[in-house]
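Enquirer: okay, here's the prediction I keep looking at, along with the sequence it came from:
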Amino acid sequence: APDDEDGPQTGASRVVVGLSELPGHLNPAITTAGGVHTVSEILYDGLIRLEDDLRVRPALARAWSYLDDGRVVRFRLRTDARWHDGTPFTARDVVYSFQEVLLRYHSRTRASLGTALTGVEMVDDSTVDFRFREPYGPLLRQLDVTEAPILPAHLYSETDPLTNPANRAPVGTGPYRFVRYDADGLRYAANPDYHDGRPSIDELHWRLIPDAGTQVTALERGALDWLFAVPGPERRRLEEDPTIRLLETTRGPGGSNCVMTLGFNLDRPLFGDERTRWGIGHAIDRAQIVDRVLFGQGRVAEAPISSGIPFAHAPEVELPGHDPEAAQRLLADAGWGRDADGRWLAMDVNGVTAGTPLAFDFTHFPSFSQYAQLLRAQLLAVGIELRLRPMEPPVFVEAVFTERAFDTNVVSYCHGPDPEIGVRRMYISSNIAPVPFSNGAAYANPVVDSLFDQARRSLDVEERGDRYRRIQEIVARDLPYLPLVETESTRAHTARCSGFRAGGHFAAEARCRR
Amino acid sequence: MLRLPGRGTLRRRGTVPQVTRRYLLLRVVQIVPTILGIVLISFVLVQAAPGDPVLALAGEHGDQAYYREMRRHFALDRPLPERFGIYVSRLATGDLGMSRIQGRPVAVIIAERIPATLLLTVSALLCSSLAGLLLGIVATLRRDGAVDLVTDMVTLGLHAAPVFWVGQISILVLAAGLGIFPVFGMRSTEPQAGGLPAALDVLVHLALPALVLTSQQLAGVARVTRQTLGRELDRDYVRAALAKGLPRGYVVVRHALRLALLPVVTLVGHRMGYLLGGAVVVETIFGWPGLGTLLLSSLQSRDAPVVLGIFLLAAGAVVVANLVTDLTYGALDPRVRHG
Amino acid sequence: MTDSASPLLRLEDLSVAFDGRPAAVDGVSLRIDPGEVVGLVGRSGSGKTLTALSILGLLPRGAKITGGSIRYRGSELVGADDGTLRGIRGAEIGLVFQDPLSALHPALPVEHQVVEGLAWTQGRSPKRARTEARSLLDRVHAPDPETWGPRLPHEWSGGMRQRALLAMAMARDPALLIVDEPTTALDVTLQAQILSDLEELRSRRDLSILLITHDLGVVAELAHRVVVMDRGRIVETAEIEEIFDSPRAGATRFLLEGRLPASGASGDVADAGGPTRNAGGGTTPAAPLLDVRELTVRIGDVPVVESVDLRLPRGGTLALVGESGCGKSTIARALVGLEDGASGHVLLGGHDVLAAPPQRLRSIRRSIQLVWQDPFASLNPRRRIGWAVERPLRIHRLAGGVEARRRALELLDRVRLPRSYARRYPHELSGGERQRVAIARALSVEPDLLILDEPFSALDAALRRGLLKLLGELREDLGFACLLVSHDLSLVRAAAERVAVVYLGRIVEEGRIGAVFSSPRHPYTAALLSAVPVDHPRDRGKRRRIILEGDVPSPASRPSGCEFRTRCHKTRPECSTRLPPLDAPGPTSDPHSFRCFFPVQGR
Amino acid sequence: MDEGSVDRRAHVDVDGFPRGPRIGRTRAGVVLAGATLLLGIGAPWIAPYDPHLIVGPSLEAPSATHWMGTDALGRDLWSGVVWGARTSWMVGLATALLTALLGAPVGIAAGLGGGRTDDLLMRGTEFFQTLPRFFLAILVIALFGAGADRIVLVLALTSWTGTARVVRSEVLSLREHDFVRAARASGASGMQIAAGEILPNVLPLVTVLFGLAVGRVMLVEASLSFLGLGDPSLLSWGALAGQGQAFLRSAWWLATFPGAAIAVSVLGLNLVGDGLNRRLESST
Ligand SMILES: Nc1ncnc2c1ncn2[C@@H]1O[C@H](COP(=O)(O)OP(=O)(O)OP(=O)(O)O)[C@@H](O)[C@H]1O
Ligand SMILES: Nc1ncnc2c1ncn2[C@@H]1O[C@H](COP(=O)(O)OP(=O)(O)OP(=O)(O)O)[C@@H](O)[C@H]1O
Ligand SMILES: [Mg+2]
Ligand SMILES: [Mg+2]
């Protein structure tokens, strides 16, 4: 039995976590890299906390209020929080973290919040003001430990945050404190002074096991207690294992509500007609992706905005479903015709030389090759040829967003807790620029641009939701992107323990049976 | 396949230079341009590669100003020759630069991983050499017998099987199936009390990856031993030694093996590259926290200094292994010509 | 040897076969009595070595004794266990292997190998073993065991290696010595040395010897009784005289017939040849075809050939003789411009080969052709015979396509090979046939001079004869001159008009065959001639044999004065001061020159 | 000099391998390697399905309709293995060919040229030999992106040295043969000797090396593909096995069959190479 293999009972409770790769450092404020965030978020806090259902809870900030018509947001901070080295947490830490680190190096915060904010000011030791040019609706969702972890100013100020030694021996305010980092993994211990109460589990051990399959075996044998991600193929087996519990979530490390998205390069005459794009869309069986690539870890995307952001999600919007008939009809309407071999050739397509086949490149990360292969298979079945072009991330970024040398691509756009973070960047015309993971399709629609601005300015969730729904109607019709599937990830843990959460502080409230 | 230098037709007598001190010195000195060449090639490759390392750092967001800042930060805005000059002069002092991802000295990052890889490769090297030699000798002594045939078949098979496949199958059968071995990592999750138990723990974890890596190397050693020893045993000098009334075992070990060892030593020594390559695959499969896993993750994140560092280390290991082999060769066979 | 009740060794009906093949040794019976020397003779491949190896249970892999018995002093060796055999090996029966180089471990000092058996079985201290090794080597006349003992086999010369093997076999004082082709690899002087060593060993301690050879001359020197093998069977067993006087088996006659007489009348071939016509009553022709002056060849820094002068008239035949390593082949190669370190003058029809520019050299090469020693190595194994014969024509652009093919076929006719051979590969030909091809190839460009470097030494005696005859006829037809390089004096006598004796890269004697062979003036020539084995056992001991001691000195450190003095039995103090000139005291029309202060007096 | 042993090598058994079942071995090798080669050549006719199309349920165990089961997407593994043969063989053959084309001329030039030429070429060869092949391949492919052309190029660039060295030493010994001397004596030029005398003699050796190289390259290519560095637009055995790694516990067939296909091909090639090599050694 797995429990026997638990080794010598030391009296302290411990959770062993599987780790796919060692993070280079443990500073979540200078990067959005998943590897770093997975292990480091539990060491830190944000001003607020987002529950798994995205409800906003206080964290380092006790309370907040809107001043000056919403152009200033005032946060009252906790006074009982302390850094792991004993130094008290103050407003100075908040101001330093935003001004010197987050708005410079945390690329997502820099890109969204950075453009709206005019300043972060300390009012007193326990009060901070965020000042904006105009009211900024999404603010609260951008202040959790993922989007805006707070660093200790007393260790970081006057240094280069990228090379500060504290990145490898972090000091945070979070529920766990750092103990050791070695080639096999990491050790954390419970923070006895945690302002939200001492965690029940005494120690967290992170064990490096690069291979996901091996991680599962280790979990089954009791050598691991918690896994951030179970590979799809293994999930069904674990479901039946009474010693193991699963937890499905749309939250991923360093990003959440991710939607696997097919992008068309609208600069290409090939895709100039939205009937062509819709035709291609009808040829794709997105349910099959959920089934065979994700093994059920996800759902077919119903709308351009993720269902994980309920106030903005518009399930009523129509996206092309799997319908080969419709696909052929639309392609024919757009001026394509099939030859004897069943391939589509341009007959009378705007801007396309007659006789050009409907064959195009598909640029993707090597890690998304399963999607690529399945899409190739599905399109091949209706006579459309997809040429796979896997590229390592840096090459991909350069090719797609800098040089725009691609036909179609697939990107996992993480919408985050608010469309302002992850959706806006895909559609606004000012993002037709060499900005990574932005408007790759080169979609430009002034109406959409202005709707996004309205949604951002508003402090009223209802009103914001309405603007976002109107945006979705438009972009679903124009279809610069085809949202394929919303990916979920399956956490798994031993049945011995309970109370885990999906987010960064996954173990803070968990407890284990002996 | 393997041809001994100077065997057979030493037509022209008196032209066989011995291994001299000068020769040793020459061999050592020759290493310098080799290493410099390797440094240059690898540096140029990394620099010429498409893809901007800064983009890998940026993650999903970022803008031009941000990139410029990062570029300046890593001296990527300097001209190429200047960067190479900086790199080489630092290299000379043992400084491999800073990792772009981890922000730590590459030398330190690599040094952390060396023990694990060293443990894995050295134990595989020793096991495969000794076991291969032994297997080859036993098979030769029982020539044409069952042991010989079975050895031949098995080594042929191992020789042809890709190392990842051997790893996968052994995980399927030995680790996952029968549960005999731990399947990942280098240490248990439990803290081990002090010296011996901790060492034993590592040993248990080492068993399977080392076995897989050993199996890859062993086949070659056993086959070459079998082949050359078999060939030596057919030579007249063996029969001449027997005709003197010497016992067979003595003749095999003292006469024949001595010469048969030469190609085996060459094989083992010149397969350093193979061994390290195999280690990369095996480390990946078994989650062994060594240089191989570091190499792959650094490649994915485009951490050029680390990749370069590992590549240089591997190339250096190969160069040194070749040198040691050649010198051993000279010690084993006094006739050896070095030309 | 008449006491048939207690033979030392008795083979009865012994058969040996390689698995799955017909017996290689087929029902061999023979006996050896104490003190007796038995010769086992037969053509190459007749099973002699296998017979010898089976006695000690040392057959090569795959070979098995399939029947019969081997009794040593009455005890059965076939099927005996390893312990018994080990007791016999070395201690009772010593074995000297056929090929001395391969029978020695290449990486162990020779002296170590000599006493290894002794040291192992009798537990000698290393120091004692070394002393014993050196005295053993000394006993078989290996020079300077102190210096040479610790060296490796490849540093030893062929003759010395053969001696080391002898010492090794004798180390444990066996009662029977099996010697497998002890002299085949050696030239006459060394052969004489080894044979006299063997004779000495036998007479000093009542040793029995089984002497394996294909050379009846060797047997004639030493054996009491001869057993003749052919294709694995014994075809004749007889007392030694009987074999020579009245051979019964065909195989025996074959072996006897192949032999060219070593003494007596000069050979038939040279007499049959045309060149004597040109020689015109003994007057030297005006312009010689080949005129070599002061030819010196350095290999590295070593002068391997030293100021050699040679002259060869159009159509004439000159032989170069001398011990192995004396520089004969080097001279031959230098004449074609294949030696980079050659200096002096090599004039061929007035043009200097050594000074010729590349373009000129090509055409000179057309008029000199070489036939090489080893017929197995001189033809490209991956090219058909026809290709090989046409090749020189194509290289020199004398003919191409159909014309070349036609000429090649004609040449095959000339050397008496069926035209169909043009499509064969070398390995489908016997050694003699290959040598014919080599000759055909050489003749294809109609050279003025044919150089034959040991052309027949790799061949069976009977083949030699046939080829010699062919060569004579070709010479008569085509009129080319011949330079024959050989250490086989009987061959030289049969084939050449004039002979030059080479010692240490210098010519020490030169003259007409008849003159030189019948009354050699240089002691070296005399020793060479005396070393040729007797033609018939009855001549044993009749001839005064001059055994040359030791090996040829290295050309790197030539002795001062007369270079032969270190091995000369007539040496006097004067010899070390000055190099004797090459003088011809006799008639200038037929010069007989030699390089000695104290020449042997003509008979 | 040594009359008695001139043709000794003709009947001395030079190989050191067990005698017994070796008779059929080369043939077994031809059958094994030939079978997978035929799969590759005849892929369009042999494969029951298009290996890129979804033709069955996801992860179905081997059955009558899908002999080797299906992969996660529902593609037929047997068809994948059949088409994979084409890739593995193509990469193997192309690389080995390039290796031979680079290595043999260098070896011949060094062996025949001697002196400075030899020195220079061998220094270069030695240098290339010290480059750790697998690491360099990983480096190049990971940096420049995956592609069959790059794999072929890198592997050939790091493999030709072996061929060059073996060919050179063969040429060195051939050069001392009398037939080469004979050609020189009769005035043949360097090129004539290289083409007329040397080439036909090293060709069989080069062929053997070629065969062994094909097998070796297949293994390296498979390992690279396994690590995800193979050509993504081609189906290869290594890539199939690499995909199988994720399903090691849930779908044993995915890792087992492609790996076995590699082993079988390489085994066959090695058997053939060994056999030819032996024949070569005992015939020269
Ligand atoms: N190792 C071997 N493998 C196969 N055949 C062999 C082997 N050794 C010898 N033979 C064959 O056995 C026969 C007898 O060989 P053996 O060596 O006894 O001849 P030999 O009379 O000693 O000839 P030689 O004068 O050339 O030494 C020959 O036909 C030879 O081809
Ligand atoms: N490359 C070399 N380096 C040093 N010495 C050499 C070399 N080649 C030949 N020699 C020496 O030159 C001398 C003459 O050699 P050569 O081959 O001409 O002799 P040979 O009379 O033809 O002998 P054989 O009868 O054995 O063929 C020998 O002492 C030999 O050792
Ligand atoms: Mg013999
Ligand atoms: Mg010679």
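Expert: Yep, that arrived. Every value quoted in this text rests on a predicted model; they were computed, and no experiment measured them. Ligands and ions are numbered 1, 2, ... in the order given.

Enquirer: C:Val402 sits in which helix or strand?
Expert: Taking DSSP states H and E as the criterion, C:Val402 maps to helix C:401-414.

Enquirer: how about stretch A:173-192, does it reach chain B?
Expert: Yes - counting by Cβ under 8 Å from any Cβ of the partner chain, contacts between stretch A:173-192 and chain B involve A:Asp182, A:Ala183, A:Asp184. The C-beta positions use only the backbone N, C-alpha and C, and glycine is treated the same way.

Enquirer: which of those residues tops the neighbour count?
Expert: Compared across the residues of stretch A:173-192 next to chain B, A:Asp184 has the highest neighbour count, 21 neighbours, by other Cβ atoms under 10 Å in any protein chain shown.

Enquirer: list the contacts of the closest residue in space to B:Ala107 that isn't next to it in sequence.
Expert: Take B:Ala107 and drop its neighbours on the chain: the residue closest to it by Cβ to Cβ, 6 or more residues apart in numbering or on different chains is B:Leu96, 4.7 Å away. By Cβ atoms under 8 Å, 6 or more residues apart in numbering or on different chains, the contact list for B:Leu96 reads B:Arg90, B:Pro105, B:Val106, B:Ala107, B:Ile110, B:Pro305, B:Leu308, B:Gly309, B:Leu312.

Enquirer: burial measure for the first one, as a count.
Expert: The number of residues packed near B:Arg90 is 13, by other Cβ under 10 Å.

Enquirer: now the last one
Expert: Per other Cβ under 10 Å, the neighbour tally for B:Leu312 reads 20.

Enquirer: run the chain-centre distance for the helix or strand encompassing it.
Expert: Using DSSP H and E, B:Leu312 falls within helix B:304-332. Centroid separation between helix B:304-332 and its chain, computed with Cα atoms, centre = their mean, to the nearest Å, is 9 Å.

Enquirer: could I get the pLDDT score of residue 105?
Expert: Picking chain A for this. We note a pLDDT of 85 for A:Tyr105 in this prediction.

Enquirer: my bad, chain C
Expert: 89.

Enquirer: tell me which element it falls in.
Expert: Per DSSP H and E, there is no helix or strand for C:His105.

Enquirer: which parts of chain A sit against chain D?
Expert: A:211-213, A:216-217, A:231-234, A:236-237, A:288, A:291-293, A:295, A:366, A:369-370, A:372-374, A:376-378, A:380-381, A:387-392, A:395.

Enquirer: mind listing what the closest residue to A:Phe506 other than its chain neighbours touches?
Expert: Computed as Cβ to Cβ, 6+ apart, the closest residue to A:Phe506 that is not its neighbour in sequence is A:Phe500, at 5.3 Å. Neighbour list for A:Phe500: A:Trp226, A:Leu247, A:Arg491, A:His493, A:Phe506, A:Ala507, A:Ala510 [criterion: Cβ under 8 Å, 6+ apart].

Enquirer: show me which positions of the helix holding B:Leu312 end up buried.
Expert: Of all the residues in helix B:304-332, those buried under the rule 16 or more other Cβ atoms under 10 Å in any protein chain shown are B:304-319, B:321-323, B:325-330.

Enquirer: restrict those residues to those near chain C?
Expert: Among those, chain C is touched by none when using Cβ under 8 Å from any Cβ.

Enquirer: pLDDT weak spots in chain D?
Expert: D:1-23, D:281-284 (pLDDT under 70).

Enquirer: remind me which helix or strand the residue nearest to the spatial centre of it belongs to.
Expert: By Cα atoms, centre = their mean, chain D has its centre lying nearest to D:Val214, at 1.1 Å. Following DSSP H and E, one finds D:Val214 within helix D:199-226.

Enquirer: other SSEs contacting the helix or strand just after that helix?
Expert: Using DSSP H and E, the helix or strand that follows helix D:199-226 in sequence is helix D:237-245. Counting contacts by 3 or more Cβ pairs under 8 Å, 6 or more residues apart in numbering or on different chains; DSSP states H and E, helix D:237-245 is packed against helix B:163-170, helix D:77-113, helix D:199-226, helix D:252-283.

Enquirer: distance to ligand 1 for the ones you listed - can I get that in a markdown table?
Expert: Shown next, in a markdown table, are the helices and strands packed on helix D:237-245 (distance: least, Cβ to the nearest ligand atom, whole Å):
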| stretch | distance to ligand 1 |
| --- | --- |
| helix B:163-170 | 38 |
| helix D:77-113 | 31 |
| helix D:199-226 | 22 |
| helix D:252-283 | 10 |
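
Enquirer: hmm, the residue nearest to the centre of chain D is touching D:Ala96, no?
Expert: Yes - between D:Val214 and D:Ala96 there is a contact under Cβ atoms under 8 Å: 4.5 Å.

Enquirer: for ligand 3, what is the nearest residue in the stretch 51-200 of chain B?
Expert: Using Cβ to the ion, the closest approach of the stretch 51-200 of chain B to ligand 3 is made by B:Arg143 at 23.5 Å.

Enquirer: ok, residue 165 - how many residues close by?
Expert: As the question left the chain open, I've gone with chain A. 12.

Enquirer: looking at chain D here, not the other one
Expert: 20.

Enquirer: which strand or helix spans it?
Expert: D:Arg165 belongs to helix D:148-175 when assigned by DSSP H and E.

Enquirer: and that helix with helix D:77-113, angle?
Expert: Calculated by axes from the mean of the first three to the mean of the last three Cα atoms, to 10 degrees, helix D:148-175 forms an angle of 40 degrees with helix D:77-113.

Enquirer: next helix or strand past helix D:148-175?
Expert: Using DSSP H and E, the first helix or strand after helix D:148-175 is helix D:178-185.

Enquirer: is chain C within reach of that next one?
Expert: Yes - against chain C, helix D:178-185 shows contacts by Cβ under 8 Å from any Cβ at D:Asp178, D:Phe179, D:Arg181, D:Ala182, D:Ala183, D:Arg184, D:Ala185.

Enquirer: helices - which of the residues of chain A next to chain D land there?
Expert: Mapping the residues of chain A next to chain D onto helices (DSSP state H) picks out A:212-213, A:216-217, A:232-234, A:236-237, A:288, A:291-292, A:369-370, A:372-374, A:376-378, A:380, A:395.

Enquirer: now a ChimeraX select for only the buried ones of these.
Expert: Selection of buried members from those for ChimeraX, criterion 16+ other Cβ under 10 Å:
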select /A:212,213,216,217,232,233,234,288,291,292,369,370,372,373,374,376,377,378,380,395
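
Enquirer: report the entries of the ones in helices among the residues of chain A next to chain D that also contact chain B.
Expert: A:Thr217, A:Val395.

Enquirer: enumerate the residues of chain D near chain A.
Expert: Within reach of chain A by Cβ under 8 Å from any Cβ, chain D has these residues: D:50, D:52-54, D:58-59, D:72-75, D:142, D:145-146, D:228, D:232-233, D:245-251.
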